[in-house]
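> whatever this is, show me its structure:
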Amino acid sequence: MVLLALCQLNPTVGAIDANAALVRDCVRAAAAAGADLAVTPELALTGYPPEDLLYKPHLVQRAWAALEALAPELEAPALVGLPIAEDGVLYNAAAYVRDGRIAAIYRKRHLPNYGVFDEHRWFAAGREPLVIEVPTHTGADVRVGVTICEDVWVEGGPIVDTTALGVDLVVNLSASPWRLGRGGERCDLVARRARESGTWLALCNQVGGQDELVFDGRSVVAAPDGELVAVAEPFNSDLLLVEVGAGAPPLDAAARALVAARVDDAEVERDVWSALVLGLRDYVGKNGFSDVVFGLSGGIDSGLVAALAVDALGAEHVRAVTMPSRHSSAGTLGDAHGQAALLGIEIVELPVQGLVNEFEAALAHQFAGRERDVTEENLQARVRGTLLMALSNKFGQLVLATGNKSEYSVGYATLYGDMNGGFAPLKDVPKTLVFRLARWRNAQAAAVGAGERVPQTVIDRPPTAELRDDQLDSDSLPDYDLLDAVLVALVDGDRSVEETVAMGFERAVVERTAVMLDRAEYKRRQAPPGVRVTSKAFGRDRRVPITNGFDGRSVAIGTGASGDGEGDL
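You can find the predicted model right below:
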């Protein structure tokens with residue numbers, strides 16, 4: 001039997017010294033608890049993914065130097081993830097440190113190159129399995145097979161030839177990013193691989209936010225029969241201590257309930273909210289900010305961002321700005337001030353109509369004889385964006401863009417206006433999910449006797465950009481229930497217009513949505529980063545050229561990167 005410690009760490013990419021300290025402190029805590037072996041996440045010393053930092057030889061050299069300095073300080077045998085260079089070839093590796101020295105190296109054998117992964121860009125694949133001998137508190141050594149992340153996802157992969165060498169346990173150093181449903185899928189995979197191989201399997205996952213990616217942790221251990229015996233806390237750093245091997249104690253009812261609760265990601269809103277909070281908090285903190293600022297309009301998107309920012313950072317670090325124009329209603333303005341009071345955040349009112357009038361006056365000669373259109377609407381949005389950026393520059397606050405995935409999908413946003421910002425928390429959150437999250441967060445608050453986080457009047461109000469009188473989103477877009485369903489087919493499923501129509505959607509709606517989707521690519525390229533939530537987020541998951549003549553829709557609906565603003569669709 002071995003007492004295993006899974007060090008579920010939240011590293012910062014490139015912060016090698018700080019990451020080494022995380023490893024040292026976690027292994028020290030593991031040793032104090034009597035652990036026989038500590039395991040870190042994949043590339044723990046550099047953080048994952050380091051991307052093209054890996055092209056900098058001094059990064060790799062510093063990671064190795066940090067490992068050498070760390071080795072004598074590790075108070076228990078440990079597997080530590082890092083990149084290593086050998087004869088000019090770079091590997092994604094795990095070092096086995098024992099008795100103050102680097103005793104063995106494992107090189108990752110299966111490199112993912114799909115979705116958000118580009119490991120073939122930097123790494124070569126290893127070729128050999130590794131089994132290490134680990135002394136235990138019982139006096140007997142155990143044989144532990146070592147794998148890294150993708151190695152365990154591949155059917156018939158390294159876990160097969162590793163277990164064939166005769167092992168008591170297989171461990172997996174992982175940096176498996178979260179998306180909707182991924183936590184449960186990963187735990188199911190570990191259970192299945194343990195059952196297939198007939199051996200104990202432990203996966204230690206990274207936790208934390210890294211640009212668009214969020215890692216949910218959920219480090220997990222499965223017994224040879226496939227039973228999950230331990231799961232680390234989702235979305236938090238954790239040290240998971242588990243006795244594995246022959247003689248390991250059976251789970252009691254409380255332990256089983258805890259495992260089930262941590263694996264369960266069926267409550268979509270809870271998982272998404274946790275990911276958004278962690279992603280926002282880490283993006284702000286790891287980039288050296290403490291405070292955020294954003295436009296609070298009295299609408300659902302900015303209202304949800306306000307509640308999210310307070311949960312992530314604390315009310316004292318959140319500044320809202322309401323910027324009414326002559327098109328703003330008393331209802332939305334009142335709701336903006338009301339929500340700020342509910343959340344206990346600072347709110348500043350900066351009317352924009354005078355500034356908009358100045359812009360229009362400056363352009364009056366050029367625009368003479370032309371009808372008012374989306375141009376004037378976009379001026380309002382861009383004035384607001386300019387004010388937010390000025391506040392950011394003066395006070396050092398990070399601007400949050402408040403747009404959602406549905407809007408970014410069809411270009412219902414203004415470049416250099418409401419798209420201004422350093423981070424867009426809702427960038428991959430469809431509008432229908434925005435409403436669900438607002439209702440869920442209010443229900444969570446009510447359950448503990450707290451007040452609304454997003455006013456019900458904001459949730460109930462028909463969505464509007466308020467850039468012209470009596471404007472509603474539904475004037476320009478299909479209902480969001482319909483739009484989001486069509487977008488799932490076109491974006492997540494990469495279906496053509498014909499395939500989407502065959503699913504039962506009205507052709508006119510599908511064709512129009514496809515046009516808007518294609519035309520908005522140039523806008524999305526200039527959008528701030530935001531937390532990846534769905535299986536096909538814009539950016540890493542979906543890389544479409546702006547300039548292209550491909551018509552994959554089976555209908556002649558045109559191409560081109562023209563149009564700008566909420567009304568020009």
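> what helices or strands is the lowest-mean-pLDDT helix or strand in the chain leaning on?
Lowest on mean pLDDT, DSSP states H and E among the helices and strands of the chain sits helix 253-263, with a mean of 87. Under the contact criterion of 3 or more CB pairs under 8 Å, 6 or more residues apart in numbering; DSSP states H and E, helix 253-263 touches helix 182-197, strand 228-231. Every residue, glycine included, has its C-beta placed from N, CA and C.
> most tightly packed of the ones you listed?
Ranked by mean neighbour count, the helices and strands packed on helix 253-263 are led by strand 228-231 with a mean of 23 (mean count of other CB atoms under 10 Å).
> rewinding a little: now the helices and strands packed on helix 253-263 in a markdown table, with mean pLDDT and distance to Q61?
Below are those laid out as a markdown table (pLDDT from 0 to 100; distance: least, CB to CB, whole Å):
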| stretch | mean pLDDT | distance to Q61 |
| --- | --- | --- |
| helix 182-197 | 95 | 33 |
| strand 228-231 | 94 | 36 |
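> looking at those, which is nearest to V399?
Proximity to V399 (CB to CB) singles out helix 182-197 among those, at 29.3 Å.
> contacts for the closest one, please.
Residues outside helix 182-197 that contact it (CB atoms under 8 Å, 6 or more residues apart in numbering): 152-153, 159-160, 163, 170, 172, 176, 200-201, 203, 205, 216, 218, 220-228, 231, 234, 263-266, 271.
> pull the contacting residues for the nearest residue to L82 once chain neighbours are set aside.
Spatial nearest neighbour of L82, chain neighbours left out: L45 (4.2 Å); criterion: CB to CB, 6 or more residues apart in numbering. Neighbouring residues of L45 by CB under 8 Å, 6+ apart: 11, 16, 19-20, 23, 63, 66-67, 80-82.
> mind picking the two most distant members of the residues you listed?
Top of the distance list for the contacts of L45 (CB to CB): P11 and L67, 13.9 Å.
> these two: who's more crowded?
P11 (29 against 22; other CB atoms under 10 Å).
> the more buried one reaches G47, doesn't it?
Yes: using CB atoms under 8 Å, P11 is in contact with G47, at 3.8 Å.
> which residues are common contacts for the two?
With CB under 8 Å, 6+ apart as the test, P11 and G47 both reach 19, 206.
> low-confidence ranges in the stretch 351-500 of the chain?
Scanning the stretch 351-500 of the chain for pLDDT under 70 picks out the ranges 465-468, 470-471, 473-474.
> okay, strands next: where are they in it?
398-399 (DSSP state E, counting those that start in this stretch).
> for the stretch 51-200 of the chain, same thing?
78-86, 89-98, 101-107, 131-135, 141-148, 169-174, 200-205.
> mind checking these for the one nearest to E407?
Using CB to CB, the strands of the stretch 51-200 of the chain put strand 200-205 closest to E407, at 32.0 Å.
> contact partners of the closest one?
Contact with strand 200-205 is made by 4, 6-8, 39-41, 152, 159, 168-176, 186, 190, 193-194, 215-224, 232, 240, 242, 244-245, as judged by CB under 8 Å, 6+ apart.
> list the buried residues of the helix or strand just after that strand.
Using DSSP states H and E, the helix or strand that follows strand 200-205 in sequence is strand 207-210. For strand 207-210, the neighbour count (16 or more other CB atoms under 10 Å) marks 207-210 as buried.
> SS state for S302?
helix (DSSP: H, G, I helix; E, B strand; the rest coil).
> that one contacts A401, doesn't it?
No: using CB under 8 Å, S302 is not in contact with A401; the gap is 9.8 Å.
> overlap in contacts, the two.
What both S302 and A401 touch, as defined by CB under 8 Å, 6+ apart, is the set F294.
> re earlier: how close does the residue nearest to L82 get to F123?
15 Å (CB to CB, to the nearest Å).
> and if you look at V383?
47 Å.
> for A266, same thing?
Separation of A266 from F123 (CB to CB) stands at 35 Å.
> just the helices in the stretch 351-500 of the chain please.
Per DSSP state H, counting those that start in this stretch, the stretch 351-500 of the chain carries helices over the ranges 353-367, 374-395, 405-410, 431-447, 456-460, 480-487, 497-502.
> buried sites along the first one?
Okay, so that is helix 353-367. Quick answer for helix 353-367 (16+ other CB under 10 Å): 355-356.
> rewinding a little: hmm, which of the contacts of helix 182-197 are the buried ones?
By 16+ other CB under 10 Å, those give 152-153, 159, 163, 170, 172, 176, 200-201, 203, 205, 216, 218, 220-224, 226, 228, 231, 234, 263, 265, 271 as buried.
> so what's G451 up against?
Counted by CB under 8 Å, 6+ apart, G451 has contacts 342, 445.
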